[in-house]
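Colleague: Take a look and give me a structure for this.
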Amino acid sequence: MGRTVTIVDYGIGNLFSVARAIETAGGEPVFASRFAEVRDAERLLLPGVGAFEPCANTLRDKGLADAVKAFVETERPFLGICVGMQLLFDYSLEYGKHEGLGLVPGHVGAIPSADEAGNRKVPHIGWSRLLRPDTRETWDDTVLAGLPADASAYFVHSYNCFPQDDDWRLAEADYQGFPVCAAIRRNNITAFQCHPEKSGKVGLQIVGNFLDQ
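Modeller: Below is the predicted model:
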């Protein structure tokens, strides 16, 4: 398999920063805004920034939600980033209840606001260490393989993913006592709440591992 990554272009997301990260890691980014281009990709990347509902609605309005689902059924490598991870779930509770793609059973909910001592501020912005969940013995054979023990990634978010099965949690991050779901893996789906494209050498290693899948 080649090293081409098709980026879903639905007008939302850090398309060019993601593309630069792919190029730097040795891949070839391609933007796709048509059903067949998304469905037939070698590897697919779904970006997303901002609020869940407009991202979900725009993806559907452009006819690309079903294209993403069709791609995932091919069992080719898939990567979601930020809201592109949240969209994979059944629904989000951001400003109401809004339907997702239903590719990963579970939901998206708010990060709890500051505790009584005022020790947690939302949104979660900045660098946090990637931690291996208790349910996972190793990161071998995943896009996190070979990362240094102190690897950190960059986060910007107020909402957190809650997968139905804890075995799908690939990585976590501790945000002032709250366990953020930093990454998931389910079958051919891998997705990150953090931004690999903004996470320096660690992020480029993640992207490079994705290219090698």
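Colleague: Spit out the contact partners of Ala70.
Modeller: Counting by C-beta atoms under 8 Å, 6 or more residues apart in numbering, Ala70 touches Phe35, Val38, Arg39. Any C-beta I mention is one placed from the backbone N, CA and C, and that applies to glycine too.
Colleague: for Pro133, that is, sorry about that
Modeller: Asp166, Arg169, Leu170, Ala171, Glu172.
Colleague: quick one on the thing from earlier: which one of the contacts of Ala70 sits closest to Tyr154?
Modeller: The shortest approach to Tyr154 among the contacts of Ala70 belongs to Val38, at 26.6 Å (C-beta to C-beta).
Colleague: for the closest one, helix, strand, or coil?
Modeller: Reduced to three states with DSSP: H, G, I helix; E, B strand; the rest coil, the structure at Val38 is helix.
Colleague: Scan this structure for its longest strand.
Modeller: strand 178-186 (DSSP state E).
Colleague: just to revisit the earlier point, now the contacts of Ala70: which count as buried?
Modeller: Taking 16 or more other C-beta atoms under 10 Å as the criterion, what is buried in these is Phe35, Val38, Arg39.
Colleague: any idea how far the last one is from Ile12?
Modeller: What it means is Arg39. 19 Å (C-beta to C-beta, to the nearest Å).
Colleague: element containing Ala145, please.
Modeller: For Ala145, there is no host helix or strand (DSSP states H and E).
Colleague: Wait, it touches Ile206, no?
Modeller: No: here Ala145 lies out of contact with Ile206, judged by C-beta atoms under 8 Å, at a distance of 9.5 Å.
Colleague: Which of those two has more residues huddled nearby?
Modeller: Ile206 (30 against 13; other C-beta atoms under 10 Å).
Colleague: Give the full set of residues in contact with the residue lying closest to the more buried one once chain neighbours are set aside.
Modeller: Leaving out its chain neighbours, the residue that sits closest to Ile206 by C-beta to C-beta, 6 or more residues apart in numbering is Pro196, at 4.5 Å. With contact taken as C-beta under 8 Å, 6+ apart, Pro196 is in contact with Ala21, Ile81, Ala153, Val202, Gly203, Leu204, Ile206, Val207.
Colleague: Against which helices or strands is the helix of greatest length in the chain packed?
Modeller: The residue-count maximum for a helix in the chain (DSSP state H) belongs to helix 200-211. Under the contact criterion of 3 or more C-beta pairs under 8 Å, 6 or more residues apart in numbering; DSSP states H and E, helix 200-211 touches helix 15-24, strand 152-157.
Colleague: What ranges does the chain have for its strands?
Modeller: 4-8, 28-32, 44-46, 78-81, 89-92, 98-99, 104-110, 124-129, 152-157, 159-163, 169-175, 178-186, 189-192.
Colleague: winner for burial among these?
Modeller: strand 44-46 (a mean of 28; mean count of other C-beta atoms under 10 Å).
Colleague: Direction included, what does that one pair against?
Modeller: strand 4-8 (parallel), strand 78-81 (parallel) (DSSP bridges).
Colleague: which parts of stretch 206-213 are buried?
Modeller: Result for stretch 206-213 [16+ other C-beta under 10 Å]: buried residues Ile206, Val207, Gly208, Asn209, Phe210, Leu211.
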